[in-house]
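Peer 1: what's the 3D shape of this:
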Amino acid sequence: MTTDSAAAAEHWFLRNGLPYVLRPGTLVRRVWSRSAPALVAFAVVMASSILVVAVTGKHTIDIDGSPTRTEWFVLFVVVLVLPVAAAAGWLTNRIESTGRRRAASTVAVAVAILGALLGGPSALIFVDLAFDAVVIAVILLCTATGLGAILGWAARMTLTNLASIGALMLRALPVMLLTVLVFFNSPVWTMVSTISRARLWLALLFLFTIAAVFLVSNTLSRVRPILEPDAKRPEDANALAGTPFERLPDRPRRVPLSRPERFNVVYVVALSQVVQVLTVAIATGLIFCVFGLILISPELLAAWTGGGPSDGQFLGMTLPVPEALIQITMFLTALTFMYLAARAVSDAEYRGQFLDPLLDGVRQTLVARDRYRTYTARN
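Peer 2: All right, here's what the predicted structure looks like:
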């Protein structure tokens, strides 16, 4: 294996979400260039803050129930900034040249600093610069520890399994019909309009934890057999055709995985399922939010909540959406996530469409890991 081949092998493991397979010290190399996609995405967000401050003259987004033309433009920017940032990061990730990725990282940091000087979440420049420094440090740390590679792999798996997500969306229809009863239940609206946002976040965290335990426990039972030394199959080697490991020598039994490697495998499979189920739950919540904006009038909202509609707060922004509607959307999203998590654990069709192909990919990656370990042990 040449130097270029070794670099290709390392890149292959990073793209497949198994950074802890690599030799010690590999993850801390080329951190600046490997961080380019996340840094570019962050730069897009900071550039949007420059635009918002230039248009509104304020560092906070505060839009009441009757937006002006300028405020509608700001809402348009808020809605588009995350998709545009994700697209910019994806395009940056397609850059093969290390030099160009390094240049992209440098330009992205420069734009982020400019965003702190001309925009940012605070009117105090030193606060915005400190915010920039913390975010950039977290991005570099995630890259150096391999967490960024795992999150990137989970995002790519979610995009490549949009068909499975569509099927899972159809499975969410029963709970959507059930939550209609919750949505048109005045005591629930009274509850969500009365409790504080902090208490609601605690309740959502509690529900999310229960559902995540379902998925992780199921993942452990499904992944554990393929981690065993005798779990290799003869046909697994054929899956490596066209990869940097195609011509490397193999061994009949798997090298026992270290504890970080076992954690890595379980984590990527569980994270992929959580992200997929959460994506469907959020989409379902947004459907109810739009449905509420269309159907619920101020008079009906006042009758349900016992008070007049108030502009909602979300992520520090004041939006022309009733606070009660935002709160019940969050609540219904959590309920949908719990239902789909339990369904994913028990649904054989879901396992056949999504989980089994995912485990086959992990099995292939572990065969590549064995060959990589065999090669590095000799060199």
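Peer 1: Strands of the chain, start to end?
Peer 2: For the chain, strands defined by DSSP state E occupy the ranges 311-314, 317-322.
Peer 1: The first one packs against which elements?
Peer 2: Other elements packing on strand 311-314 under the criterion 3 or more CB pairs under 8 Å, 6 or more residues apart in numbering; DSSP states H and E are strand 317-322, helix 323-346. Glycine gets a C-beta too; all of them are placed from N, C-alpha and C.
Peer 1: which of those is buried the deepest?
Peer 2: helix 323-346 (a mean of 22; mean count of other CB atoms under 10 Å).
Peer 1: now the angle from it to strand 317-322?
Peer 2: 90 degrees (axes from the mean of the first three to the mean of the last three CA atoms, to 10 degrees).
Peer 1: Output helix 323-346 as PDB, restricted to C-alpha atoms.
Peer 2: Provided in PDB are the C-alpha atoms of helix 323-346 (Å, rounded to 0.1, in the frame of the first residue of the first chain):
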ATOM      1  CA  GLU A 323     -46.300  30.600  21.400                       C
ATOM      2  CA  ALA A 324     -48.900  27.900  22.200                       C
ATOM      3  CA  LEU A 325     -48.600  26.600  18.600                       C
ATOM      4  CA  ILE A 326     -44.800  26.300  18.900                       C
ATOM      5  CA  GLN A 327     -45.100  24.500  22.200                       C
ATOM      6  CA  ILE A 328     -47.700  22.000  21.100                       C
ATOM      7  CA  THR A 329     -45.700  21.400  17.900                       C
ATOM      8  CA  MET A 330     -42.700  20.500  20.000                       C
ATOM      9  CA  PHE A 331     -44.900  18.200  22.200                       C
ATOM     10  CA  LEU A 332     -46.400  16.400  19.200                       C
ATOM     11  CA  THR A 333     -42.900  16.000  17.700                       C
ATOM     12  CA  ALA A 334     -41.700  14.200  20.800                       C
ATOM     13  CA  LEU A 335     -44.800  11.900  20.900                       C
ATOM     14  CA  THR A 336     -44.200  11.000  17.200                       C
ATOM     15  CA  PHE A 337     -40.600  10.300  17.900                       C
ATOM     16  CA  MET A 338     -41.500   7.900  20.700                       C
ATOM     17  CA  TYR A 339     -44.000   6.100  18.600                       C
ATOM     18  CA  LEU A 340     -41.700   5.700  15.600                       C
ATOM     19  CA  ALA A 341     -38.800   4.600  17.900                       C
ATOM     20  CA  ALA A 342     -40.900   1.800  19.300                       C
ATOM     21  CA  ARG A 343     -42.200   0.900  15.800                       C
ATOM     22  CA  ALA A 344     -38.600   0.700  14.400                       C
ATOM     23  CA  VAL A 345     -37.700  -1.700  17.200                       C
ATOM     24  CA  SER A 346     -40.600  -4.100  16.500                       C
END
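Peer 1: which secondary structure elements does that helix contact?
Peer 2: helix 162-171, helix 173-183, helix 186-194, helix 197-223, helix 259-295, helix 298-305, strand 311-314.
Peer 1: Tally up the residues packed near residue 230, please.
Peer 2: 8 (other CB atoms under 10 Å).
Peer 1: What is the neighbour count of the closest residue in space to it that isn't next to it in sequence?
Peer 2: The spatially closest residue to residue 230, leaving aside those adjacent along the chain, is residue 253, at 6.3 Å (CB to CB, 6 or more residues apart in numbering). Neighbourhood size, residue 253 [other CB under 10 Å]: 11.
Peer 1: for residue 281, same thing?
Peer 2: 25.
Peer 1: Enumerate every residue touching the closest residue to it other than its chain neighbours.
Peer 2: Using CB to CB, 6+ apart and skipping residues adjacent in sequence, the residue nearest residue 281 is residue 337, 3.8 Å away. Contacts for residue 337 (CB atoms under 8 Å, 6 or more residues apart in numbering) come out as 207, 208, 211, 277, 278, 281.
Peer 1: about what we covered before: any chance of the helices and strands packed on strand 311-314 in TSV, plus distance to residue 356 and mean pLDDT?
Peer 2: Listed next are the helices and strands packed on strand 311-314 as TSV, based on distance: least, CB to CB, whole Å; pLDDT from 0 to 100:
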stretch	distance to residue 356	mean pLDDT
strand 317-322	40	75
helix 323-346	13	82
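Peer 1: hmm, back to that, most neighbours of all the contacts of residue 337, which one?
Peer 2: residue 277 (27 neighbours).
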